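> could you look at this predicted model? Sequence included:
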Amino acid sequence: MTITDTGRRRPRIVVVGTGFAGFHCLRTLQRRLPDAELVAVNPADYMLYVPLLPEVAGGTLEPRRVAVPLRTELRGTRTVLGHVTGIDLTRKCVTAVDVEGRRRDIEWDRLVIASGSVTRLLSIPGVAEHAKGFKTIAESIYLRDHVLRQIDLAELASNLRERTERTTFVVVGAGYTGTELAAQGKELTRQAKRDARWVLLDMADRVLPNLSPRLSGPAKRVLEKRGVEVRLGQSVSEVTDTCVRLTDGTEIPTRTVVWCVGVRPDPLVEPLELPTTQGRLNTDEFLTVPSHPDVFAAGDVAAVPDLTRPGEITPMTAQHAQRQGRVAGINVAASLGAGERKRYKHKDLGFVVDLAGTQAVADPLHVPLRGWPAKVVTRGYHLAAMPANRLRVAFDWIADLLTRRQVVHFGLVPAEGVSLADADRARGQDNEHEKTGGQARWSSSATR
Ligand SMILES: Cc1cc2nc3c(=O)[nH]c(=O)nc-3n(C[C@H](O)[C@H](O)[C@H](O)COP(=O)(O)OP(=O)(O)OC[C@H]3O[C@@H](n4cnc5c(N)ncnc54)[C@H](O)[C@@H]3O)c2cc1C
């Protein structure tokens, strides 16, 4: 099928998820296949720039800054607000449940699966019930408000134990997410002029265990200088509503445990029974799912061969997801006759870790930096990588340098709204209460 043949129907490309991979895939497709029908299924009308979530939790950035609007940035794409709950490879159709619970089947000529990952829960007692996740805007707004509320309520505590619980915040997982969050959280409570204990825990023997060891030492020193307690080589054995117990028997009184131990691929792909690696859907170097030439996958959900490290797959990072999205777009277009296929090959350019205030660590092109130089590189990198909102983000950063932070809590996100209990299950299935007569079908003929 070629899209320039006017007598023929427009090919429909369905993209599941508009995160880093899905968004950049759609952007590429808009340019390369202006006549194709592009449909995105995503629960929100924005692409979330996840790496800046710790700054939202810390109060440096307003939540809307990290939400890239699909409406203006993907004008040529129709967005179905909802979740894909099933993929039928034989009928070439996905089932989506929209945000009001209505179900619709959407047929496709090409499918791109870019649904990312979910928080990884370990079977540790109390984690699902009492810990909080940190992967969404709701979770970061909740956390910021919750921290401020706890330190206010601590003033009214009837005994020392309650006061200690309310002013102690435990972050589990010292990867980039947990490390940045602990740094931002400590800065938030400092700006609120309250004494709070922040503890960062990890089983590993260094912070940032998945990044270059040259970043770990400086990052730990910054955290400790700020007063963050870094406990390494320790894990959690239980979480209750008033404490966390560690594997060495220590009990830390706290009402706030944030679970940053990592993610696992979106379980949406599990029922497909296609070959996976570590739960990620296998693709070839063209991001095509083997034996399904019409199906592509990219980002955290995909196991993409890393051509720069033969035998390995690419790590789950925004850097890879964004570039894989672009290559998936190029290859989808090529499969429909526009342009040439391209292999996915990208060598890591290094990593940036913002440690709040004037501190950061980074290794651009694997040159280790710390302090101001790292901060400039970190902020410059984010501004360059963000598809939109750059000016607003830059203004927030400048305002944060020049003025006092607005430490107020609105309490708009209820605790139930950020429950971890079903965080690692396929999304959208619980609210799939099909409405009678509400089922819609997007067949090819309906849109011709
Ligand atoms: C707090 C935090 C900080 C991070 N910081 C960094 C960093 O500094 N640098 C870095 O490289 N990486 C970072 N990462 C990792 C990075 O964000 C991910 O690797 C990247 O977002 C993966 O992109 P993706 O497109 O695969 O998935 P995502 O960006 O997660 O997008 C997936 C999209 O699919 C949607 N979706 C999911 N299921 C469905 C469904 N069933 N139907 C429809 N839509 C669905 C989701 O709502 C989402 O919009 C961070 C991650 C977190 C959580």
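Happy to help now that I have it.
> quick check: end-to-end length of stretch 199-218?
17 Å (Cα to Cα, to the nearest Å).
> near the ligand at all, the helix or strand encompassing residue 178?
Assigned by DSSP states H and E, residue 178 belongs to helix 176-191. Yes - using Cβ under 6 Å from any ligand atom, helix 176-191 reaches the ligand at 176-177. All C-beta spots, glycine's among them, are computed from the backbone N, C-alpha and C.
> okay, now residue 72: neighbour count?
Applying other Cβ atoms under 10 Å, we find 8 residues neighbouring residue 72.
> what's the answer for residue 270, then?
With other Cβ under 10 Å as criterion, residue 270 counts 13.
> which SS class is it?
helix (DSSP: H, G, I helix; E, B strand; the rest coil).
> do you know how far it is from residue 95?
15 Å (Cβ to Cβ, to the nearest Å).
> now swap in residue 421 and tell me
24 Å.
> excluding sequence neighbours, find me the nearest residue to residue 125.
residue 238 (4.7 Å; Cβ to Cβ, 6 or more residues apart in numbering).
> ditto for residue 346
In space, residue 346 is closest to residue 323, 5.0 Å off (Cβ to Cβ, 6+ apart).
> list the helices and strands the helix or strand containing the one you found packs on?
Using DSSP H and E, residue 323 sits within helix 318-335. For helix 318-335, the elements it packs on are helix 20-32, strand 110-113, strand 292-297, judged by 3 or more Cβ pairs under 8 Å, 6 or more residues apart in numbering; DSSP states H and E.
> winner for burial among the ones you listed?
Ranked by mean neighbour count, those are led by strand 110-113 with a mean of 27 (mean count of other Cβ atoms under 10 Å).
> quick one: strands adjacent to the next helix or strand after that one?
Downstream of strand 110-113, the next assigned helix or strand under DSSP H and E is strand 117-119. According to DSSP bridges, strand 117-119 has the following sheet partners: strand 263-265 (antiparallel).
> can you give the strand pairings for the helix or strand just after the strand it pairs with, parallel or anti for each?
Later in the chain than strand 263-265, the nearest helix or strand by DSSP H and E is strand 276-277. Each strand paired with strand 276-277, and its direction, by DSSP bridges: strand 280-282 (antiparallel).
> and the partner strand, what's buried?
The neighbour-count check on strand 280-282 (16 or more other Cβ atoms under 10 Å) flags 280-282 as buried.
> pLDDT (mean, whole number) over it?
Averaged over strand 280-282, pLDDT sits at 98.
> which residues touch whichever residue of the stretch 201-350 of the chain sits closest to the ligand?
Using Cβ to the nearest ligand atom, residue 299 is the residue of the stretch 201-350 of the chain that sits closest to the ligand, at 2.2 Å. Neighbour list for residue 299: 17, 19-22, 114, 116, 316, 320-321, 324-325 [criterion: Cβ atoms under 8 Å, 6 or more residues apart in numbering].
> find the nearest non-adjacent residue to it, please.
Closest residue to residue 299 apart from its sequence neighbours, by Cβ to Cβ, 6+ apart: residue 21 at 3.1 Å.
> contacting residues for the one you found?
Residues near residue 21 by Cβ under 8 Å, 6+ apart: 112, 114, 116, 298-300, 302, 321-322, 324-325, 328.
> give me the pLDDT for it.
Checking the pLDDT column for residue 21, the value is 98.
> now it: how far from the ligand?
Distance from residue 21 to the ligand, counting by Cβ to the nearest ligand atom, to the nearest Å: 4 Å.
> and what of residue 63?
13 Å.
> my guess is that residue meets residue 139, correct?
No - between residue 63 and residue 139 there is no contact under Cβ atoms under 8 Å: 10.9 Å.
> quick one: which of the two has more around it?
residue 139 (24 against 15).
> so which of the helices and strands packed on helix 318-335 comes closest to residue 251?
Closest to residue 251 of the helices and strands packed on helix 318-335 is helix 20-32 (Cβ to Cβ; 39.1 Å).
> neighbours around residue 227, how many?
For residue 227, the neighbour count with other Cβ under 10 Å is 13.
> do you know the pLDDT at it?
On the pLDDT scale, residue 227 gets 96.
> report the next helix or strand after the helix holding residue 178 in sequence order.
strand 197-202.
> which residue is the nearest non-sequential neighbour of the closest residue to the ligand within the chain?
Taking Cβ to the nearest ligand atom, the ligand has its nearest neighbour within the chain at residue 19, 1.7 Å off. Of all residues not flanking residue 19 in the chain, residue 116 sits nearest, at 4.8 Å (Cβ to Cβ, 6+ apart).
> next, count neighbours for the residue nearest to residue 178 when sequence neighbours are not counted.
Counting by Cβ to Cβ, 6+ apart, residue 178 lies nearest to residue 260, which is 3.6 Å off, once chain neighbours are set aside. Counted with other Cβ under 10 Å, the neighbours of residue 260 add up to 28.
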